[in-house]
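Peer 1: requesting a structural model of the entry that follows:
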Amino acid sequence: MKMFQIAALGTALMAGPAFADGHATGDAAAGEDVFKKCKSCHAIVDAEGEAIVKGGRTGPNLYGLYTRVAGGDEEFGKKYGKSLVAAGEAGLEWNEAEFVTYVADPRKYLQTYLDDKKAKSKMSFKLRDEQDAKDVWAYLVSVGPQPES
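Peer 2: Numbers count the residues shown, from 1 in each chain. Now for the predicted structure:
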């Protein structure tokens, strides 16, 4: 019986990323650990105001980031950089692929997305490890509202 429980637990842990409704390919548990690098600037606070992760206020709240229009957190408002707002106005909505590319080099991403060599990002931190970025994305999806299919 104990072997069955261990096998079942192992299977559940390996399936963890699948529980993010197919909107994330990373490991949410690993992403929770990597997110410690992000919380100096970002918090995760749910719609009721309950902190999932207490963090800084330099960057926007990352709760519900999946499919949010870039620069679209109304509470963060005018603190966004002009280039990120322009990317949102041009149609940028956050998904795993966009997020992973953005966090690797935010300035370069915006310059490419907007086709503007003068585009800037207020986010100076770079999460260059692709797997870490996918894991953080999976974590954000897992603690956010249920994504619509």
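
Peer 1: how far does stretch 40-59 stretch from one end to the other?
Peer 2: For stretch 40-59, the first-to-last residue distance is 9 Å (C-alpha to C-alpha, to the nearest Å).

Peer 1: following the helix or strand of the chain with the lowest mean pLDDT, which helix or strand comes up?
Peer 2: Every helix and strand of the chain was ranked by mean pLDDT, DSSP states H and E. The lowest is helix 2-14, at a mean of 40. Next along the chain after helix 2-14, taking DSSP states H and E as the criterion, comes helix 28-34.

Peer 1: buried ones in the host helix or strand of residue 85?
Peer 2: Using DSSP H and E, residue 85 maps to helix 82-89. With burial defined by 16 or more other C-beta atoms under 10 Å, the residues of helix 82-89 counted as buried are 83-88. All C-beta spots, glycine's among them, are computed from the backbone N, C-alpha and C.

Peer 1: likewise stretch 111-126?
Peer 2: By neighbour count on 16+ other C-beta under 10 Å, the buried set for stretch 111-126 is 111, 113-114, 119, 121, 123.

Peer 1: next: stretch 86-105.
Peer 2: Residues 86-88, 92, 94-96, 98-105 are the ones in stretch 86-105 that count as buried (16+ other C-beta under 10 Å).
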